[in-house]
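Asks: give me coordinates for this.
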Amino acid sequence: MINKLSSLKKNETFMRYLGNSSWMLTEYALKIASAIFVSIYVARYLGPEKFGLLSYALAIVSIFMAVSRLGMDSILVRDLSKHPEQTKAYMGTAFGLMFGTAILAMFVLTVLISLFESDAENKLYIWIISIGLIFQTFLAIDYGFQAQVKAKFSSIAKSMALGISSIIKIYLVVTKADLQLFAVAYALDHAIIAIMLVATHVIKKQPVFLFAFDRALVKPMLKSAWPMVLSAVCFMLYSRLDQLMIKYYLGVEQLGLYSAAAKIFEGWSIVPYILMISLFPMIVRIKKTSSTGYHRMKVYIFRVFLMISLGVAGFSTIFSKEIIAITFGQAFDGASAVFAILMWASVFTTMGTITVRLLVVENIEKKILKITSVGLIVNFILNFILIPIFGIIGGAFATLLSLFSAYYLHDYFDKQMEPILIAKNTAIVFLRKI
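Replies: This is a model prediction of the structure:
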């Protein structure tokens, strides 16, 4: 073991990716801390009902956020890793496509809330938060740094933006601001990130890509993007469907309780996501050079991630009441059981995060849509049955079972998923040698 660790230290490529990961992990550690602790501070101030209203608006907009990204966090990183000599063209095209999609998404969202949302206050909160769609386009800069294994720079920029955003929200609580200003603050999150990323891009003298739109790249990028977009919509729908249906069946106060537990669950789920983003360029290169090494890499990733997720889920179950009481306070006591269930669901969220990245590496992104659709259908049916009977606990179980169905059970019924299923099962049997 010591010899293996020593050899890894001497491996410059590995250490480069490890350094890249450490910066991204630091950024996301801050993001998780902000998502949890600032949200806790905001939730304590607003209370279950107002926090439920804010969570509802954020849930609606997040679906359109997923659409406007066009899956570029995977596609652009993959293409730039393969074609670094065409950085300007790929980044310019990705930026243009994301910007156009953001404008369209805002228009569609405005029409939908005008037609189907009767509460004027809800309409206002949703519209304000949706302004962030435009600024999200500048994440293309972040993806460019990731592909160059220079995530350090974008991580620093986003961490600084996160600090500013957190201070703004804390200030709003201290000054006892109304809910409308909190909606503005969440829209500003994306604007501040965009400003910091652009500043970093200029300081590091990166290629000017704004006018480097290449029509020849549109078709191949959209060919990869459309299944990613549909998958993202399906994923966001079924990750937010429980919240939307809880509001419909049980009201905003119960949604506030559920959303409190979901905040911690979502914060933890970011960890495997960012690890896979950071490891993604290396996985692409290993896939190109060695099929045996690629298989071993898959098993190692699944095994390590699952061991950590199971440990966190077990700890969260034992101390769920204490965790909710310490974080959100007695007003959110009803969220403890939901929290325990959702943390077990995070085991399958982890499995899904790895699976999605591997499917992108293998250029079979269409599978992501199928898998996510399975999760969405199962989640809708279970929410429809369980929420009216068991309340918010039913919504949590629906999330757990739908994630299990999509990211593990489904693999047994799809022959193309067999190599990934073998890697999962090998990883699950922790004592089995790779």
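Asks: after the helix or strand in which Met236 is found, next one along is what?
Replies: Per DSSP states H and E: Met236 is located in helix 215-250. The element immediately downstream of helix 215-250 (helix or strand, assigned by DSSP H and E) is helix 252-289.
Asks: list the buried residues of the next helix or strand after that next one.
Replies: Per DSSP H and E, the first helix or strand lying C-terminal to helix 252-289 is helix 291-318. Judged by neighbour count (16 or more other CB atoms under 10 Å), helix 291-318 contains these buried residues: 294-295, 297-299, 301-303, 305-306, 308-310, 312-313, 316. All C-beta atoms are positioned from the backbone trio N, CA, C, and that covers glycine.
Asks: where in this protein is pLDDT low?
Replies: 1-30, 32-36, 147-151, 207, 231, 235, 238, 430-434 (pLDDT under 70).
Asks: you'd agree Ala157 is up against Leu197?
Replies: Yes. Shown here, Ala157 and Leu197 form a contact pair, counting by CB atoms under 8 Å, at 5.1 Å.
Asks: who has more neighbours out of these two?
Replies: Ranked by neighbour count (other CB atoms under 10 Å), Ala157 and Leu197 place Ala157 first, with 26 against 23.
Asks: who touches that one in this structure?
Replies: Neighbour list for Ala157: 193, 196-197, 199-200 [criterion: CB atoms under 8 Å, 6 or more residues apart in numbering].
Asks: residue contacts, the residue nearest to Phe64 when sequence neighbours are not counted?
Replies: Among residues not flanking Phe64 along the chain, Ala105 sits closest, at 4.4 Å (CB to CB, 6 or more residues apart in numbering). Applying CB under 8 Å, 6+ apart, we find Ala105 in contact with 64, 67-68, 130, 133.
Asks: Ala105 and Ala225: what is the separation?
Replies: Separation of Ala105 from Ala225 (CB to CB, to the nearest Å) stands at 14 Å.
Asks: again, but for Tyr412
Replies: 29 Å.
Asks: ok, these two, which is more surrounded?
Replies: Ala225 (24 against 10).
Asks: grab the nearest non-local neighbour of that one.
Replies: Leu70 (4.6 Å).
Asks: please identify the buried residues of the helix holding Met236?
Replies: For helix 215-250, the neighbour count (16+ other CB under 10 Å) marks 217, 221, 224-225, 227-247, 249-250 as buried.
Asks: got it, and stretch 389-408?
Replies: By neighbour count with 16+ other CB under 10 Å, stretch 389-408 contains the buried residues 391-408.
Asks: how about the strands in the chain?
Replies: Secondary structure of the chain (DSSP state E): no strands located.
Asks: spatially central residue for it, please.
Replies: Ile270 (5.9 Å; CA atoms, centre = their mean).
Asks: neighbours of Ile195, just the number please.
Replies: With other CB under 10 Å as criterion, Ile195 counts 16.
Asks: show me the contacts for it.
Replies: Applying CB under 8 Å, 6+ apart, we find Ile195 in contact with Ala161.
Asks: how about Ala140?
Replies: 72, 76, 91, 94-95, 98, 209.
Asks: quick revisit: specify which member of the contacts of Ala105 is nearest to Phe51.
Replies: Ser130 (19.3 Å; CB to CB).
Asks: give me the distance from stretch 99-107 to the chain's centre.
Replies: Using CA atoms, centre = their mean, to the nearest Å, the distance from the centre of stretch 99-107 to the centre of the chain it belongs to is 20 Å.
Asks: and that stretch, which residues are buried?
Replies: So stretch 99-107, judged by 16+ other CB under 10 Å, has buried residues 99, 101-102, 105-106.
Asks: could I have that stretch exported to CSV, CA atoms only?
Replies: In CSV, the C-alpha atoms belonging to stretch 99-107 read as follows (Å, rounded to 0.1, in the frame of the first residue of the first chain):
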residue,chain,number,x,y,z
PHE,A,99,-27.3,32.2,-24.2
GLY,A,100,-30.0,31.6,-26.8
THR,A,101,-31.5,28.7,-24.8
ALA,A,102,-31.5,30.9,-21.6
ILE,A,103,-33.5,33.6,-23.5
LEU,A,104,-36.0,31.0,-24.8
ALA,A,105,-36.3,29.4,-21.3
MET,A,106,-37.1,32.8,-19.7
PHE,A,107,-39.8,33.4,-22.4
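Asks: all numbers from here: first residue = 50
Replies: In the new count, where the first residue is 50, that last one comes out as stretch 148-156.
Asks: count of neighbours near Asp168?
Replies: 12.
Asks: got the contact list for it?
Replies: With CB under 8 Å, 6+ apart, Asp168 has no contacts at all.
Asks: how about Ala389?
Replies: Here Ala389 is in contact with 365-366, 369 (criterion: CB under 8 Å, 6+ apart).
Asks: and which of these is nearest Ile417?
Replies: Using CB to CB, Ser365 comes nearest to Ile417 of the contacts of Ala389, at 27.8 Å.
Asks: please name the residues that touch the residue nearest to Ala274.
Replies: Counted by CB under 8 Å, 6+ apart, Leu119 has contacts 143, 146-147, 150, 274, 277-278.
Asks: kindly report the same for Ile213.
Replies: With CB under 8 Å, 6+ apart, Ile213 has these contacts: Ile241.
Asks: for it, give its distance to Leu146.
Replies: In terms of CB to CB, Ile213 sits 28 Å off from Leu146.
Asks: over to Gly101?
Replies: 35 Å.
Asks: what about those two, which has more around it?
Replies: Ranked by neighbour count (other CB under 10 Å), Gly101 and Leu146 place Gly101 first, with 26 against 23.
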